[in-house]
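Asker: Got a sequence here, can you build the structure:
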Amino acid sequence: MCKKAGYAVVGLGVGMAHVKAAAQSKRANLIAVCDLIQEKLDKVATEYPGTLTYQSFDEMLKNPDIDIVSICLPSAMHAEFAVKAMEAGKNVLVEKPIDITVEAAMKIEEARVRTGLKAGVVHQNRNNADMPPILDAVRSGKIGDLVYGDFEVKWYRTQEYYDNGGWRGTWEMDGGGSLMNQAVHTVDLMQWIMGDIESITSHMGIYGHDIQTEDLTVSLVKFKSGAAATFVSTTCAYPGINTGIKIYGTKGSIEADSDTLQLWKFIGADENEEKEMLEKFGGNGAAAALDPTLCTGHTSMVEDIIAAVLDDRDPQILPTEAIKSVRIVTSVYESAKTGKTIYFD
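Answerer: Just a heads-up that it's a prediction; the model follows:
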């Protein structure tokens, strides 16, 4: 039998998605979980018999059967725990955002280079079914020269959501609000699709919650290509509206809501092309049905780090790539706080 990777997860909030993915993987064994709350550990032990439970991260790292650790803690703890895991000889998969500052995130990259271990970051929306054709339309030139992008994360969160756990909506542990926590995935998609950024001008505020950080940002983004974009993030859009990704070029237009394609129009395209694309990627599950290997959500990220370790290749998203979205988010906050346009190198 081929070797399987020993998998562990620290942090049993979003980490439960990692636990499930590791337990279901054909190339991994779920070895252990770690959390400070005993009830969470007991739940995993009941649902996944044989899984070891730890309240001490240091003790868990001593387990020689663990090859990979998913870091699923509050955002400001990611670098500290990822570096500690790598220094103990474990490969890591880090939840988004990689950390809340570029300086902290760079510590993960430095540890990756120093130890020679694998370090991947969770930006699973890159694996949405509609992303490959969208990215191909941009990079192949099918859409023409990029003109404008419109990215909007119009979600809703209750006050109870922020109060639960005590770390959400704080600058110290969450690193931000609607942008750093909810919209960082869409920030990642924006820079991945539109390219390098030249400048950002932003506004932010607190409109619907009792929190330290913002629940609304509005930004104007200029790209080195000459294109521009607007970016909106909010947790005040009751009851939760959409995650809009809209891209317009000199030869065509694409609009999507998260993984659901809504518009696909190009100058001179065959009249059946839009119909076929909307049938395949318009939210009826056809893309996944046509490709049974298509792996989405956290499962895709867990399977990727497992394959990276077992096949000795780089993970899909390296720390250097994930750092880009953190720099964009922190630049939005800097612009909003200072009233200045932030320019990128």
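Asker: just so I have it, where are all the helices in the protein?
Answerer: All helices of the chain, identified by DSSP state H, fall at 15-24, 38-47, 57-61, 78-87, 102-115, 131-139, 159-163, 184-194, 273-281, 286-290, 297-311, 319-338.
Asker: With distance to Val122, mean pLDDT and mean neighbour count as extra columns, can I get those in CSV?
Answerer: (Glycine included, C-beta is placed from N, CA and C.) Listed next are those as CSV, based on distance: least, C-beta to C-beta, whole Å; pLDDT from 0 to 100; neighbours: other C-beta atoms under 10 Å:
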stretch, distance to Val122, mean pLDDT, mean neighbour count
helix 15-24, 9, 98, 22
helix 38-47, 19, 98, 14
helix 57-61, 19, 98, 18
helix 78-87, 10, 98, 22
helix 102-115, 13, 98, 18
helix 131-139, 15, 97, 17
helix 159-163, 20, 94, 14
helix 184-194, 9, 97, 22
helix 273-281, 23, 94, 16
helix 286-290, 20, 40, 14
helix 297-311, 5, 96, 21
helix 319-338, 9, 98, 21
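Asker: To Gly176, which of those helices lies closest?
Answerer: helix 319-338 (6.2 Å; C-beta to C-beta).
Asker: Tell me what angle that closest one forms with helix 184-194.
Answerer: Counting by axes from the mean of the first three to the mean of the last three C-alpha atoms, to 10 degrees, helix 319-338 points 110 degrees away from the direction of helix 184-194.
Asker: Is it possible to get CSV of the helices of the chain that adds distance to Ser258?
Answerer: Shown next, in CSV, are the helices of the chain (distance: least, C-beta to C-beta, whole Å):
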stretch, distance to Ser258
helix 15-24, 17
helix 38-47, 28
helix 57-61, 33
helix 78-87, 24
helix 102-115, 25
helix 131-139, 10
helix 159-163, 20
helix 184-194, 9
helix 273-281, 11
helix 286-290, 13
helix 297-311, 12
helix 319-338, 17
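Asker: Can you tell me which of those helices is nearest to Thr201?
Answerer: Between Thr201 and the helices of the chain, the shortest gap by C-beta to C-beta is with helix 319-338, which sits at 5.6 Å.
Asker: Which residues does that closest one contact?
Answerer: When contacts are taken as C-beta atoms under 8 Å, 6 or more residues apart in numbering, the neighbours of helix 319-338 outside the stretch itself are 94, 96-102, 105-106, 108-109, 112, 119, 121, 123, 175-176, 179-180, 184, 187-188, 190-191, 197, 200-204, 214, 217, 219, 231, 340-342, 344.
Asker: how close does the residue nearest the centre of the chain get to Ala22?
Answerer: In the chain, the centroid-proximal residue (C-alpha atoms, centre = their mean) is His123; its distance is 2.7 Å. Summarising the geometry, the distance separating His123 from Ala22, computed by C-beta to C-beta, to the nearest Å, is 18 Å.
Asker: just Arg139 next, same as before
Answerer: As defined by C-beta to C-beta, Arg139 lies at a distance of 33 Å from Ala22.
Asker: same thing with Lys62?
Answerer: Distance from Lys62 to Ala22, by C-beta to C-beta: 19 Å.
Asker: just Gly208 next, same as before
Answerer: 36 Å.
Asker: Then Ile100?
Answerer: In this structure, Ile100 and Ala22 are separated by 26 Å, where distance is defined by C-beta to C-beta.
Asker: Likewise for Ala8?
Answerer: 8 Å.
Asker: Now do the shared contacts for these two.
Answerer: 30, 70.
Asker: related to what we said a few turns ago, and the helices of the chain: which comes nearest Asp150?
Answerer: helix 184-194 (9.9 Å).
Asker: didn't Asp210 look like it was pressed against Gln159?
Answerer: Yes - here Asp210 reaches Gln159: they are 6.2 Å apart, a contact under C-beta atoms under 8 Å.
Asker: Now do the domain split for this structure, please.
Answerer: Domain segmentation of the chain under automatic domain parsing yields 5-123+296-318, 129-291.
Asker: and the ones you listed as TSV, adding distance to Ala336?
Answerer: Supplementary listing: those in TSV, determined by distance: least, C-beta to C-beta, whole Å:
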stretch	distance to Ala336
domain 5-123+296-318	16
domain 129-291	4
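Asker: In the sheet, which residues pair with the residue lying closest to Gly283 once chain neighbours are set aside? Tell me.
Answerer: Nearest residue to Gly283 in three dimensions, chain neighbours excluded: Thr260, at 3.7 Å (C-beta to C-beta, 6 or more residues apart in numbering). Beta-bridge partners for Thr260, by DSSP bridges, are Asp257.
Asker: and Thr260, how many neighbours?
Answerer: By the other C-beta atoms under 10 Å criterion, the neighbourhood of Thr260 contains 18 residues.
Asker: And Leu318, by the same measure?
Answerer: Using other C-beta under 10 Å: Leu318 sits among 18 other residues.
Asker: so it sits right up against Lys118, yeah?
Answerer: No - the pair Leu318 and Lys118 does not pass the contact test of C-beta under 8 Å, sitting 9.3 Å apart.
Asker: what sits in contact with each of these two?
Answerer: Arg112.
Asker: what sits against Lys20?
Answerer: When contacts are counted by C-beta under 8 Å, 6+ apart, Lys20 touches 298-299.
Asker: can you pull out the strands in the stretch 101-250 of the chain?
Answerer: With DSSP state E, counting those that start in this stretch as the definition, the stretch 101-250 of the chain shows strands at residue ranges 119-121, 146-154, 197-205, 216-223, 228-234, 242-249.
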